[in-house]
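S.K.: when you get a sec, could you give me coordinates for this:
(chains A and B)
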Amino acid sequence: MSTGLLVQKVSKAFKGKTVLHDIDLAVHPGEVVLLKGPNGSGKSTLVYLISGVYRLEIGDIWLDGISLKEEPRRAKAAVTTAFQEILFDPLLTPLQALYIHTKFYGARWSRKQIQQILEEFGVSEPNRPIFQLSGGTKKKVELLKAQLIETPIYIFDEPFAGLDESSRKQVEEMIRARKRQGKTILLVSHEPGMLDFVDRTVYLEAGQIVESVKEVPKVVVEAIVKGWKEEYRAALEPYLLEVQKLEPTEEEIEGLLKSLGLDKLGKPIQVIRADEAAAQELLKGLGGAVRTLAPQQTSAFRTKLRLAGELSLAQATRLLEERGLEVLELRQV
Amino acid sequence: MQATLLLWWIFLKEAFTRWELLLPFVINQMLALWIFSWGFQKVAGLEYAQTLAIGWVGFAMVTIAVISGVTLTIDLSLQKIRYWLSLPVSPGAIVLGKLLSAGALSVVASLFTLALGRALLLQIEPFEALWVLLTLVLQGFTLVGLLASISVFIRDITKIGVIISLIVGALQYLSVVYFPIEIFPIYVRGLIYLNPLTYAINFIRALLLSDRLDLLPLAVLSLLSVGWLLVGWAVLQRKVIHQGR
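M.R.: Residues are numbered from 1 along each chain as shown, chains lettered A, B, ... in the order given. Reported below is the predicted structural model:
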């Protein structure tokens, strides 16, 4: 059972200038944490520290429960880092570089398999020296480390920089797949916009963590239900984003009035839309018993619910029906 | 441990596939020994030609060791070191692997020159060859350790050519490569004894030309090799651990 990534009270200075100050960060297995911050905020320094490239002086980093300070070799074997810039020997070909690299982590890929994966990933010249490749292709080669090596922790430093749309989708899918496997993922990016697989965003500014925000997943299910009651809110809490009462239709109001027995008074029911005060005046004028029924107080009308989470439509339907709600419509937004 | 051994194997392979280094070396050594053995035999006789050939075998290592030492320093200063440090190996193992591969290349370079010397004019028995091999190994590690220690002071890579020329010049001329130590004035001898080549060449000459197993130079060389290798390893490791990290 992996224990994820734990950064404890880490500080780093170069020639007396503090680049990171007292950083505390925990990323749990199955969680994707996005590290954001402006240029020079210390994101890449933190990545280099976690992956053992920079010397850890103050604080400690625990990789899958192993202290980087105490057992650097074992700790480094628990993490795969796709760096912002390619670190392979530029004279090697992508095929050679990745083949050798996988051996360091005990992975057993044949050259043929790696060549196939490289080609699937759009690296069409796997036998050309790395220094002759385009920036985007170099990036893909660096990112493929995370595809080929099995470790409990993965770090992606600016994984989408320089990639075309289809490659970006492939990388996103790679990260999603690693998340589904329960891997611990730290993603570093300063790109705007939200990624649906990110669970939490940590903001780094001038070497300090300034904010940590739980992200709402982008995949949202919108359901129109009947029978909503406020007490369901707590039960649906992990998924529930929003509850919105829908304007009742005339048929719904008519149905409600009938359910109150008004149709048995011998007069036809006519629905007139008015605000509460006007409705009361009207009813008084008619000489009837004044009784208002706010739509919010009834579960007979339709309610729109927005649910978010890793939830299929079938799972969402089951979740709502189990609580006695009548599901009228359901769609993924 | 498996990762460390794999990295060392890669370093060793890298060292022996540097054709831009090896090819000129091989051609230069062949030409030098051929011309020396032929020319000096004619001018100064067989004895001096053999004396010079042994000196040249010892010196052959210097060119390769200097270039290996400098390459090693460049490697440890550039992007490559970041990649190696990200691997599950310790900084000390990276430096040691680099030193060992540079040492191995130097030894093989000298052995090649020795084989050429034997083919041209040296007579070496199998028993003697083992002693010569041991001497060359010790000299190889001494030179690599020494040069690695010096090369960490190189701050500007563009000045490497100047530094190489100075180091090669000092090791070549303030040495017993061309002449036995006895012909030098006393004040120069002190400098020559600082040169590790002196001990290796003196030992091999005594063994091959006088059939004498003089263990003192070998003992000094052994101490120098351990000492310089340790110094080189410590200095480079310090550089790898501290510089820019």
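
S.K.: for the stretch 101-250 of chain A, which residue gets nearest to chain B?
M.R.: Of all residues in the stretch 101-250 of chain A, A:F104 sits closest to chain B, at 4.8 Å by Cβ to the nearest Cβ. (Each C-beta comes from the backbone N, C-alpha and C, glycine too.)

S.K.: near chain A at all, the helix or strand bottoming out on mean pLDDT in chain B?
M.R.: Lowest mean confidence among the helices and strands of chain B (mean pLDDT, DSSP states H and E): helix B:46-77, at a mean of 80. No. Using Cβ under 8 Å from any Cβ of the partner chain, helix B:46-77 stays clear of chain A, coming no nearer than 9.4 Å.

S.K.: so which elements touch that helix?
M.R.: If contacts are counted by 3 or more Cβ pairs under 8 Å, 6 or more residues apart in numbering or on different chains; DSSP states H and E, helix B:46-77 sits against helix B:19-44, helix B:91-120, helix B:126-151, helix B:160-173, helix B:196-210, helix B:215-242.

S.K.: need the next SSE after it, C-terminal direction.
M.R.: Where DSSP states H and E defines the elements, the next helix or strand beyond helix B:46-77 is helix B:79-86.

S.K.: give me the contact list for that following helix.
M.R.: For helix B:79-86, the external contacting residues (Cβ atoms under 8 Å, 6 or more residues apart in numbering or on different chains) are A:48, A:51-53, A:76, A:81, A:83, A:85, A:87-89, B:7, B:75, B:91, B:94, B:240, B:245.

S.K.: let's see which of these end up in helices.
M.R.: A:48, A:76, B:7, B:75, B:91, B:94, B:240 (DSSP state H).

S.K.: show me where pLDDT drops low in the stretch 1-150 of chain A?
M.R.: Along the stretch 1-150 of chain A, the parts satisfying pLDDT under 70 run over A:1.

S.K.: show me which residues of it sit near chain B.
M.R.: Counting by Cβ under 8 Å from any Cβ, the stretch 1-150 of chain A sits next to chain B at A:14, A:48, A:51-55, A:72-74, A:76-77, A:81, A:83, A:85, A:87-89, A:100, A:103-106.

S.K.: so where's chain B uncertain?
M.R.: Low-confidence segments of chain B (pLDDT under 70): B:77-78, B:157, B:242-245.

S.K.: point out the residues in it that sit beside chain A.
M.R.: B:2-3, B:6-7, B:10, B:79-80, B:82-83, B:85-90, B:241-242, B:244-245.

S.K.: and those residues, which are buried?
M.R.: Among these, those scoring as buried are B:3, B:6-7, B:10, B:80, B:82-83, B:85-90, B:245 (criterion: 16 or more other Cβ atoms under 10 Å in any protein chain shown).

S.K.: for the residue nearest to A:S41 when sequence neighbours are not counted, which three-state class applies?
M.R.: Sequence neighbours aside, A:L204 is the residue nearest to A:S41 in space, at 4.6 Å (criterion: Cβ to Cβ, 6 or more residues apart in numbering or on different chains). Classification of A:L204 by DSSP: H, G, I helix; E, B strand; the rest coil places it in strand.

S.K.: so A:L204 touches A:L46, yeah?
M.R.: Yes. With contacts counted by Cβ atoms under 8 Å, A:L204 reaches A:L46, the gap being 7.3 Å.

S.K.: overlap of the contact sets of those two?
M.R.: Counting by Cβ under 8 Å, 6+ apart, the residues touching both A:L204 and A:L46 are A:23, A:35.

S.K.: show me which of the two is the more surrounded one.
M.R.: A:L46 (29 against 23; other Cβ atoms under 10 Å in any protein chain shown).

S.K.: who's in contact with that one?
M.R.: Contact analysis of A:L46 by Cβ under 8 Å, 6+ apart lists A:7, A:10, A:20, A:23, A:25, A:35, A:188, A:204.

S.K.: for those, work out which two are farthest apart.
M.R.: Greatest spatial distance among the contacts of A:L46 (Cβ to Cβ): A:V10 and A:V188, at 15.2 Å.

S.K.: and A:R233, what helix or strand is that in?
M.R.: With DSSP H and E as criterion, A:R233 is part of helix A:232-235.

S.K.: what does that helix rub up against?
M.R.: Identification of contacts with helix A:232-235 by Cβ under 8 Å, 6+ apart yields A:240, A:243, A:323, A:325.

S.K.: PyMOL command for the buried members of those residues?
M.R.: In PyMOL, a selection of the buried entries from the contacts of helix A:232-235 looks like this (16+ other Cβ under 10 Å):
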select buried, chain A and resi 240+325
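
S.K.: need the max-distance pair from the contacts of helix A:232-235.
M.R.: Farthest pair in these (Cβ to Cβ) is A:V243 and A:R323. Separation: 13.1 Å.

S.K.: now for the residue of the stretch 101-250 of chain A closest to chain B, how many residues are close by?
M.R.: Other residues lying near A:F104 total 21 when counted by other Cβ under 10 Å.

S.K.: okay, it and B:A3: tell me how far apart.
M.R.: According to Cβ to Cβ, to the nearest Å, A:F104 stands 5 Å off from B:A3.

S.K.: give the intersection of the neighbour lists for the two.
M.R.: The contact lists of A:F104 and B:A3 share B:87-89, where a contact means Cβ under 8 Å, 6+ apart.

S.K.: distance to B:L116 added to those residues, as CSV?
M.R.: Formatted as CSV, the shared contacts of A:F104 and B:A3 follow (distance: Cβ to Cβ, whole Å):
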residue, distance to B:L116
B:L87, 39
B:P88, 42
B:V89, 37
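
S.K.: let me know the closest of those residues to A:K264.
M.R.: Nearest member of the shared contacts of A:F104 and B:A3 to A:K264, counting by Cβ to Cβ, is B:P88, at 81.9 Å.

S.K.: OK, contacts around the closest one?
M.R.: Neighbour list for B:P88: A:73-74, A:76-77, A:104-105, B:3 [criterion: Cβ under 8 Å, 6+ apart].

S.K.: which two in the residues you listed are spaced the farthest apart?
M.R.: A:R74 and A:F104 (13.3 Å).

S.K.: you'd agree A:E242 is up against A:A308?
M.R.: No. The criterion here is Cβ under 8 Å, and A:E242 misses it with A:A308 at 9.1 Å.

S.K.: higher neighbour count, those two?
M.R.: Ranked by neighbour count (other Cβ under 10 Å), A:E242 and A:A308 place A:A308 first, with 19 against 11.

S.K.: report the beta-bridge partner residues of that one.
M.R.: Beta bridges link A:A308 to A:V220 when assigned by DSSP bridges.

S.K.: circling back: how far away is the residue nearest to A:S41 from B:E128?
M.R.: For A:L204 relative to B:E128 (Cβ to Cβ), the value is 66 Å.

S.K.: and if you look at A:G106?
M.R.: 45 Å.

S.K.: could you do B:T158 as well?
M.R.: The value you get for B:T158 to B:E128, if Cβ to Cβ is used, is 44 Å.

S.K.: cool, B:W233 as well?
M.R.: 31 Å.

S.K.: who has more neighbours, the two?
M.R.: B:W233 (20 against 16).

S.K.: shouldn't that one be in contact with B:K98?
M.R.: No. Using Cβ under 8 Å, B:W233 and B:K98 do not qualify as a contacting pair, with a distance of 9.5 Å.
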